[in-house]
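Engineer: Any chance you can model this:
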Amino acid sequence: MKLILLVVLLAVCVSFVTAQLGCTCSATECDCCATAPSPISASICYNSIWNNASQSLTGKLVVAGLNIASFEFTKENPTQCASVFGGSYCVNATGLQIEQTGACGCWDVDISMFGFKNQVQIGCFSFGYGASCPNTCTSGTSCQQCTSGINCGWCSSTQACLQGDQNGPFQPSGRCAAGWDYHVAQCS
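Structural biologist: Below you'll find the predicted structure:
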């Protein structure tokens, strides 16, 4: 009985983490989550809100279910850091574009803890942009060049560089029928 309960609980936890990869956005809010690689191996989320009046993004960093810090991002401040629980956490709004019509970019988090350093690419967001957010991955013309970009992956079936993560392209960035490479080590 205990073994069955443990297996069910593990399956629920695994599906919860898998469901949280990348970003889920509405008109003014975006929840972006990923799993940090070993040795940290924890869920990392940045939940952001677009404030059109102040032309800023506010939000909170959550690691393993714990609120780590709250930040405000503007064009002038695309990186915010906090030192908590013996670690340093820096949230970067890469490719941040803020216009009167909205904001877009990608979130990543630099973590330094207990001698380990990791950069976790969480996902891309877009709020109220009149046109779609400019794709920062369009300059990649080869797998190696493309996968060196933040939140960029190479689709070998279409020979295209698309925004995405380890699971595939972000929608509506594109679709990849076969051959998705997200890390330069995967390029053949």
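Engineer: Chain neighbours aside, what residue packs nearest to Cys161?
Structural biologist: Leaving aside its chain neighbours, Cys161 sits nearest to Gly140 (3.2 Å; criterion: Cβ to Cβ, 6 or more residues apart in numbering). Where you see a C-beta, it was placed from the backbone N, CA and C, and this is true even at glycine.
Engineer: Now for the one you found: which residues touch it?
Structural biologist: 146-149, 152, 154, 161 (Cβ atoms under 8 Å, 6 or more residues apart in numbering).
Engineer: when you check the residues you listed against the helices, which ones overlap?
Structural biologist: 146-147 (DSSP state H).
Engineer: got JSON lines for the contacts of Gly140, with pLDDT and neighbour count too?
Structural biologist: Converted to JSON lines, these look like this (pLDDT from 0 to 100; neighbours: other Cβ atoms under 10 Å):
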{"residue": "Cys146", "pLDDT": "86", "neighbour count": "24"}
{"residue": "Thr147", "pLDDT": "83", "neighbour count": "20"}
{"residue": "Ser148", "pLDDT": "76", "neighbour count": "13"}
{"residue": "Gly149", "pLDDT": "71", "neighbour count": "20"}
{"residue": "Cys152", "pLDDT": "81", "neighbour count": "25"}
{"residue": "Trp154", "pLDDT": "90", "neighbour count": "29"}
{"residue": "Cys161", "pLDDT": "88", "neighbour count": "26"}
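Engineer: just the contacts of Gly140 now: which is nearest Gly123?
Structural biologist: Taking Cβ to Cβ as the measure, Gly123 lies nearest Cys152 of those, at 12.3 Å.
Engineer: mind pulling up the phi and psi values for Cys143?
Structural biologist: phi -60, psi -50 (degrees, to the nearest 10).
Engineer: Please tell me how far it sits from Val184.
Structural biologist: Per Cβ to Cβ, to the nearest Å, Cys143 is found 8 Å from Val184.
Engineer: Other residues contacting stretch 58-78?
Structural biologist: By Cβ under 8 Å, 6+ apart, stretch 58-78 touches 36, 42-49, 51, 55-57, 80, 82, 84-85, 89, 91-94, 96, 98, 105, 109, 111.
Engineer: Which members of these occur in helices, if any?
Structural biologist: Those of the contacts of stretch 58-78 lying in helices (DSSP H): none at all.
Engineer: Please, a ChimeraX command that selects the buried ones among those residues?
Structural biologist: A single ChimeraX command is used to select the members of the contacts of stretch 58-78 judged buried by 16 or more other Cβ atoms under 10 Å:
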select :36,43,44,45,46,47,48,56,57,80,89,91,92,93,94,96,98,105,109,111
